[in-house]
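task: produce atomic coordinates for the following.
(chains A and B)
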Amino acid sequence: MSARTRTRLTLWRTGRLLLILGFLAAPEVAGAQQLNLTISPLIVTFPTTDPDTAPVLSAAPVTVEYRVRGNGNRPWLLTVQASGDLVSGQSRIPVSAVTWAATPAPPFRAGTMSSTQAQTLASGNGNANPTATGTVTFRLTNSWTYDAGIYLQTLTFTLSTP
Amino acid sequence: MHTALVTSAVMLLAAVAIEAQRGTALLLVNLPAQARLSFSATSVTYPDADPTTTPLVASVPVSITITVRARVQRNSQVTLTVQSTDDLRSGVTVLPASLMTWTVTGPGFAGGTLSRSAPQLVGRWTGSGVRVGTQSYRFENRWTHPTGTYSATLVYTLASP
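Now for the predicted structure:
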């Protein structure tokens, strides 16, 4: 048997082994870990007060419901990330102007929004069962330098067991 | 093909090992056009003076600090104008509003002469922001002015088309 043939055979065997392990592992892990995440409301609206009256605009609180089951003692992580800056046509407001306060702390924590890296909103170990609830209040630093307009951006919340 | 199988198996394992749930929300910020104009003083007076020695009388206070705050559409123009509602009047005696002139400091601010017939430019800027400057009024003093206490009301208008 040539060296090349032996290598191919080894790869084939390894592949089969990993494939079998994969199929075996998949139902076990998927069945053991169950994550649920609900965000409400789905639209976070800031009031339209001028910067002198309200240097910081506070949106109505967002409720985050999360549930972690079958996680053993492993950590879980809830992050939030913007898809970009706040956009209104050609006008932009840096998404870093958006911050948040969150309760209960822990597991929730305050933070500053980013579009380049997911920011930790909450973290813990083990399970969160039954469903736990957190409240997040997003804030926008208000400024006269912003262009007038209707700005939009998407936030993605991710609950994971890294 | 064998390598592909190995890769597929590894990816499958990775997929089941990283469990995640996602949710999205939409950030919505409505910033309407807004403007605010403020003055350090809302009235000025001119003390009595000899026209020979003081042909141009400075107002008291000497200058007014004007703060212009404007939030407008991207690259829109912002203008500040002033217009007298009438000439300077003391009973039935009238002096032309154009006897009052002003000088300014601050980016975008402009000096000028008061008019009762048309708004006169005090400042012009582009886009949103806060602009601060001063305006100093002077009154042209002449021996021919009849004695009296004259007054006029000035209207400032901050606008963005």
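
for stretch A:77-95, what is the distance to the chain centroid?
14 Å (Cα atoms, centre = their mean, to the nearest Å).

any bit of it sitting next to chain B?
Yes. Using Cβ under 8 Å from any Cβ of the partner chain, stretch A:77-95 reaches chain B at A:82, A:86, A:88, A:89, A:90, A:91, A:93. C-beta here means a position set from N, CA and C on the backbone, and glycine is covered the same way.

JSON lines for the residues you listed, including secondary structure?
Shown next, in JSON lines, are these (DSSP: H, G, I helix; E, B strand; the rest coil):
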{"residue": "A:82", "secondary structure": "strand"}
{"residue": "A:86", "secondary structure": "strand"}
{"residue": "A:88", "secondary structure": "strand"}
{"residue": "A:89", "secondary structure": "coil"}
{"residue": "A:90", "secondary structure": "coil"}
{"residue": "A:91", "secondary structure": "strand"}
{"residue": "A:93", "secondary structure": "strand"}
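
by neighbours, which of those wins?
Within these, residue A:86 tops the neighbour count with 26 neighbours, counted by other Cβ atoms under 10 Å in any protein chain shown.

ok, whichever strand or helix holds residue B:101: who's next to it in the sheet?
Element membership for residue B:101, per DSSP states H and E: strand B:100-105. Note on strand B:100-105: by DSSP bridges, its sheet partners are strand B:112-113 (antiparallel), strand B:129-140 (antiparallel).

give the buried residues for that strand.
B:100, B:101, B:102, B:104 (16 or more other Cβ atoms under 10 Å in any protein chain shown).

please name the residues that touch the residue nearest to the spatial centre of chain B.
For chain B, the residue nearest the mean C-alpha position is residue B:68 (2.9 Å; Cα atoms, centre = their mean). When contacts are counted by Cβ atoms under 8 Å, 6 or more residues apart in numbering or on different chains, residue B:68 touches B:35, B:36, B:37, B:78, B:80, B:123, B:125, B:130, B:131, B:132, B:133, B:158.

surely the third one touches residue B:158?
Yes. Between residue B:37 and residue B:158 a contact is recorded at 4.7 Å, counting by Cβ atoms under 8 Å.

joint contacts of these two?
Residues touching both residue B:37 and residue B:158 (Cβ under 8 Å, 6+ apart): B:68, B:80.

neighbour count winner among those two?
In this view residue B:37 and residue B:158 are compared by other Cβ under 10 Å, and residue B:158 has more residues nearby, 17 against 13.

residues touching the more buried one, list them.
Under the criterion of Cβ under 8 Å, 6+ apart, the neighbours of residue B:158 are B:35, B:37, B:68, B:70, B:78, B:79, B:80.

at 6 Å what do you get?
Residues near residue B:158 by Cβ atoms under 6 Å, 6 or more residues apart in numbering or on different chains: B:35, B:37, B:80.

so what's the second one bridging to?
Read that as residue B:37. Counting by DSSP bridges, residue B:37 is bridged to residue B:68.

the lengthiest strand in chain A pairs with which strands, parallel or anti?
Ordering each strand of chain A by length in residues (DSSP state E) puts strand A:128-141 first. Strand A:128-141 has its sheet partners listed here by DSSP bridges as strand A:56-58 (antiparallel), strand A:62-69 (antiparallel), strand A:98-103 (antiparallel).

format the ones you listed as CSV; extra columns: mean neighbour count and distance to residue B:154.
CSV is the format used below for the strands paired with strand A:128-141 (neighbours: other Cβ atoms under 10 Å in any protein chain shown; distance: least, Cβ to Cβ, whole Å):
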stretch, mean neighbour count, distance to residue B:154
strand A:56-58, 16, 35
strand A:62-69, 20, 49
strand A:98-103, 20, 42
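
got a markdown table for the ones you listed, with mean pLDDT too?
Converted to a markdown table, the strands paired with strand A:128-141 look like this (pLDDT from 0 to 100):
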| stretch | mean pLDDT |
| --- | --- |
| strand A:56-58 | 95 |
| strand A:62-69 | 94 |
| strand A:98-103 | 97 |
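
before we move on, the earlier item: winner for burial among the strands paired with strand B:100-105?
strand B:129-140 (a mean of 19; mean count of other Cβ atoms under 10 Å in any protein chain shown).

pull it out as PDB, backbone CA atoms only.
What follows is strand B:129-140, C-alpha atoms only, in PDB (Å, rounded to 0.1, in the frame of the first residue of the first chain):
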ATOM      1  CA  GLY B 129     -25.300  73.500  15.000                       C
ATOM      2  CA  VAL B 130     -24.900  76.000  17.700                       C
ATOM      3  CA  ARG B 131     -23.500  79.400  16.700                       C
ATOM      4  CA  VAL B 132     -22.500  82.200  19.100                       C
ATOM      5  CA  GLY B 133     -21.700  85.800  18.200                       C
ATOM      6  CA  THR B 134     -22.100  89.300  19.400                       C
ATOM      7  CA  GLN B 135     -23.900  92.300  17.900                       C
ATOM      8  CA  SER B 136     -23.000  95.800  18.800                       C
ATOM      9  CA  TYR B 137     -25.500  98.600  17.900                       C
ATOM     10  CA  ARG B 138     -24.600 102.200  17.200                       C
ATOM     11  CA  PHE B 139     -26.800 105.200  16.700                       C
ATOM     12  CA  GLU B 140     -25.900 108.000  14.300                       C
END
